[in-house]
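Colleague: predicted coordinates and the sequence they were generated for:
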Amino acid sequence: MKLPIVRLSALAAVSMLATGVAMVPGQGRVTASPATVPADCAADNGGLTLPPGFCATVFADNLGHARHMTVADDGTVYVNTWESGDYFPHAPSPTGGLVVALKDRDGDGVADVVERFGPSVARGGRGGTGIALWHGGLFVEEKDAVVRYAMAPGQMAPSGPAQVVVSGLVLGGDHPMHPFVIDASGTLLVNSGSATNTCEHPNRQPGAKGADPCIEQQTRGGIWAYRADKLGQTFSPADRWATGIRNTGGMAFDSAGRIFATQHGRDQLSQNWPALYNAEQGAELPNEILFSPTKATDFGWPTCYYDATQGHHVLAPEYGGDGGHVQGRCATKTPPVAAFPAHWAPNDVAIYTARAFPAAFAEGAFIAFHGSWNRAPAPQGGYLVAFQPLKDGKAAGQWIRFADGFAGEYREPGRAAHRPAGVAVGRDGALYIADDVRGTIWRVTYHGPADAALTDAPPAAIKSALSVGNGFSSAPPKPPAGSTVEEVALGQRIYFGEAKAGACVGCHGSDGRGSAAGGSLVGPAYQWSDGSVDGLSATITAGVAHPKHASGAMPALGGSPLDAADVKAVAAYVWTLGHSSR
């Protein structure tokens, strides 16, 4: 059961637990003496909403594009940051190394020592996502390799250069990141995400069939195994450990050594197969999953996807599926541990093996959902941290919304203030949450009774694209020459996914100013045409196979079943976005 839309500050939550003072109706906070507020709590939770008893501080800010983290026994937090000109085309790169070490020496929940090391952007570094500590070494993803830094006791940063553990990891395509973990025995398990949506050609094109067999799976769409105590290894198809995994956002171990991982599910069921799936099905399928891989397991990609309503994998339309009814060869695929709403993009998972939180959190999974781009015409979702209770490696109840408020007013990729990208647990039991928009890290602690039940955090208030005028900051301008008001209105509906399974808003934003996945449409400079209706129509029709300033290619017709009149309508609406007063 979800809570009503209210917002409790950390001060209010902690105060109510400590003093029994009730919240003043309609005000959303209480007055409490400073003595009731722990030193490591911020009065506003650093902008987050959390369950009662929890509070947060902004541990660090403006670090770059912070991805995954690991926490040393002495409390030092290590963060890998990722600098990709395609994925973050408009954000300035930080100076110094792309690996960041952070420490809070005075116990106020805010890092007061920050050290950077490793390659910098100026020296050709790109950073990455994966990071882990094991046997005196800090292992870090950098470009196409996992490298190891020897760490001396008492030093936050290494004194020597990195040594290459595994090189030749596959880059490019839809999922170039390489999250990894290292088990107690020294096995290094690394993700190699898919280059395509469903191994189809051309990628993401309506009606495109999937390759069968999928040759891409030789090097993508699974987990590979190497040794953390061996240098100079080279990525090879022969080292694939588990398969059928479109893209592993993150991996973690519980106290028993079981591995848990998240997957980014496939996209565009309704856009690419409108005869088989309606818009609602496209927004709600397939489910994102938490799964527990072991050697040689197969989780179905690209031939299958998971439907939580039916409780099993079904055959994908690229491989002869009929809209989610037939299982076929998917009946033998390994099921997940838990399922979540579609397209939320789970970017990391951390198992709570500490004891500072209530007992209900023991051995459960915190999952950082980066946020969706393709749930139109439904509202975009995710942009939060969820908690999934587990027991003996299996789901032990429904997930809860643990932390919200990251996105700010706009829950969409190009306008979200923050997007959760990493979660990690410290030895003291604190939960750290990383954001890759501006590089913010929050530290979450608990100050309530040990037997508290799982309770949802209040949902954060947002603005929907529709509530702000479908992209216009003021009254829309007159239609371009040769177009009508009705034509622009149709283009607007397609742009926002309300007709013809349009998906434009997901990549280009409700204001048309773009995101990591799609470039700006509003000028004044245009990359592929002169910005006229005819020029925009030609770009939409042909697609953009090799974008200049974005990470995602655009298939012909935007991956939607548009006819020539639809294309002209979308182009006319985009033209009005670029010519509205701002």
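Modeller: That came through, no problem. In this text the structure is predicted, and so the values were computed from the model without any measurement.

Colleague: quickly find the element holding residue 79.
Modeller: strand 77-81 (DSSP states H and E).

Colleague: tell me the strands beside that strand, with direction?
Modeller: Paired neighbours of strand 77-81 in the sheet (DSSP bridges): strand 66-71 (antiparallel), strand 97-103 (antiparallel).

Colleague: can you name the residues in contact with the shortest one?
Modeller: Strand 66-71 is touched from outside by 77-82, 100, 127-133, 138, 177, 179, 250, 347-348, 421-427, 432, 434-436, 439-441, with contacts defined as Cβ atoms under 8 Å, 6 or more residues apart in numbering. Every C-beta, even on glycine, is put in place using the N, C-alpha and C of the backbone.

Colleague: now, which of these lie within strands?
Modeller: Cross-referencing those against strands under DSSP state E gives 77-81, 100, 131-133, 138, 250, 347-348, 421-425, 432, 434-435, 441.

Colleague: would you write out the PyMOL command that picks the buried residues out of those?
Modeller: Buried subset of the ones in strands among the contacts of strand 66-71, written as a PyMOL selection, criterion 16 or more other Cβ atoms under 10 Å:
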select buried, resi 77+78+79+80+81+100+131+132+133+138+250+347+348+421+422+423+424+425+432+434+435+441
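
Colleague: okay, now the unreliable bits of the protein?
Modeller: 1-37, 84-92, 464-476, 516-517, 549-552, 581-582 (pLDDT under 70).

Colleague: okay, helices next: where are they in it?
Modeller: 10-19, 269-272, 279-284, 485-495, 504-508, 533-542, 564-578 (DSSP state H).

Colleague: in the shortest one, what's buried?
Modeller: When burial is assessed from 16+ other Cβ under 10 Å, helix 269-272 yields the following buried residues: 269, 270, 271, 272.

Colleague: which residues touch the last one?
Modeller: Read that as residue 272. Going by Cβ under 8 Å, 6+ apart, the list of residues near residue 272 reads 204, 205, 206, 207, 208, 317, 559.

Colleague: centroid-nearest residue for this structure?
Modeller: Taking Cα atoms, centre = their mean, the centroid of the chain lies closest to residue 370, which sits 2.5 Å from it.

Colleague: correct me, but that residue touches residue 418?
Modeller: No. Counting by Cβ atoms under 8 Å, residue 418 is not a contact partner of residue 370; they are 10.3 Å apart.

Colleague: what residues are shared contacts of those two?
Modeller: Contacts common to residue 370 and residue 418, judged by Cβ under 8 Å, 6+ apart, are residue 383.

Colleague: related to what we said a few turns ago, looking at the contacts of residue 272, spot the one nearest residue 398.
Modeller: Closest approach between the contacts of residue 272 and residue 398, by Cβ to Cβ: residue 317, at 29.7 Å.

Colleague: leaving out chain neighbours, which residue sits closest to residue 227?
Modeller: residue 186 (5.9 Å; Cβ to Cβ, 6 or more residues apart in numbering).

Colleague: and the gap between residue 194 and residue 264?
Modeller: Distance, residue 194 to residue 264, by Cβ to Cβ, to the nearest Å: 9 Å.

Colleague: ugh, wrong one, I meant residue 396
Modeller: Counting by Cβ to Cβ, the gap from residue 396 to residue 264 is 24 Å.

Colleague: between these two, who's got more neighbours?
Modeller: residue 264 (23 against 15; other Cβ atoms under 10 Å).

Colleague: contact partners for the residue lying closest to the more buried one once chain neighbours are set aside?
Modeller: Distances taken as Cβ to Cβ, 6+ apart put residue 247 closest to residue 264, at 4.3 Å, once the chain neighbours are dropped. By Cβ under 8 Å, 6+ apart, the contact list for residue 247 reads 174, 175, 177, 191, 193, 194, 221, 263, 264.

Colleague: before we move on, what about residue 364?
Modeller: Here residue 364 is in contact with 351, 352, 387, 388, 389, 390, 396 (Cβ under 8 Å, 6+ apart).

Colleague: thinking again about what came up before, reformat the contacts of residue 272 as a markdown table; add distance to residue 143 and neighbour count.
Modeller: Formatted as a markdown table, those follow (distance: Cβ to Cβ, whole Å; neighbours: other Cβ atoms under 10 Å):
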| residue | distance to residue 143 | neighbour count |
| --- | --- | --- |
| 204 | 26 | 23 |
| 205 | 30 | 17 |
| 206 | 34 | 18 |
| 207 | 36 | 12 |
| 208 | 30 | 21 |
| 317 | 35 | 23 |
| 559 | 29 | 26 |
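
Colleague: ok, those vs residue 123, which is closest?
Modeller: Nearest member of the contacts of residue 272 to residue 123, counting by Cβ to Cβ, is residue 204, at 34.8 Å.

Colleague: correct me if wrong: that closest one contacts residue 197.
Modeller: Yes. Counting by Cβ under 8 Å, residue 197 is a contact partner of residue 204 at 5.0 Å.

Colleague: need the residues touching each of these two.
Modeller: Taking Cβ under 8 Å, 6+ apart as the criterion, residue 204 and residue 197 both touch 267, 268.

Colleague: show me where the stretch 151-300 of the chain has its strands.
Modeller: 163-167, 180-182, 187-192, 222-227, 233-234, 240-243, 248-253, 259-263, 288-291 (DSSP state E, counting those that start in this stretch).

Colleague: now tabulate those in CSV and tack on distance to residue 297.
Modeller: Converted to CSV, the strands of the stretch 151-300 of the chain look like this (distance: least, Cβ to Cβ, whole Å):
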stretch, distance to residue 297
strand 163-167, 21
strand 180-182, 16
strand 187-192, 12
strand 222-227, 9
strand 233-234, 22
strand 240-243, 5
strand 248-253, 12
strand 259-263, 11
strand 288-291, 8
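
Colleague: residue 152 is nearest to which of those strands?
Modeller: strand 163-167 (14.9 Å).

Colleague: quick one: strands adjacent to the closest one?
Modeller: Sheet pairing of strand 163-167 (DSSP bridges) gives strand 145-150 (antiparallel), strand 233-234 (parallel).

Colleague: need those in TSV with distance to residue 512, can you?
Modeller: Below are the strands paired with strand 163-167 laid out as TSV (distance: least, Cβ to Cβ, whole Å):
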stretch	distance to residue 512
strand 145-150	38
strand 233-234	44
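
Colleague: picking that back up, spell out which residues are contacts of both of residue 194 and residue 264.
Modeller: Contacts common to residue 194 and residue 264, judged by Cβ under 8 Å, 6+ apart, are 175, 246, 247.
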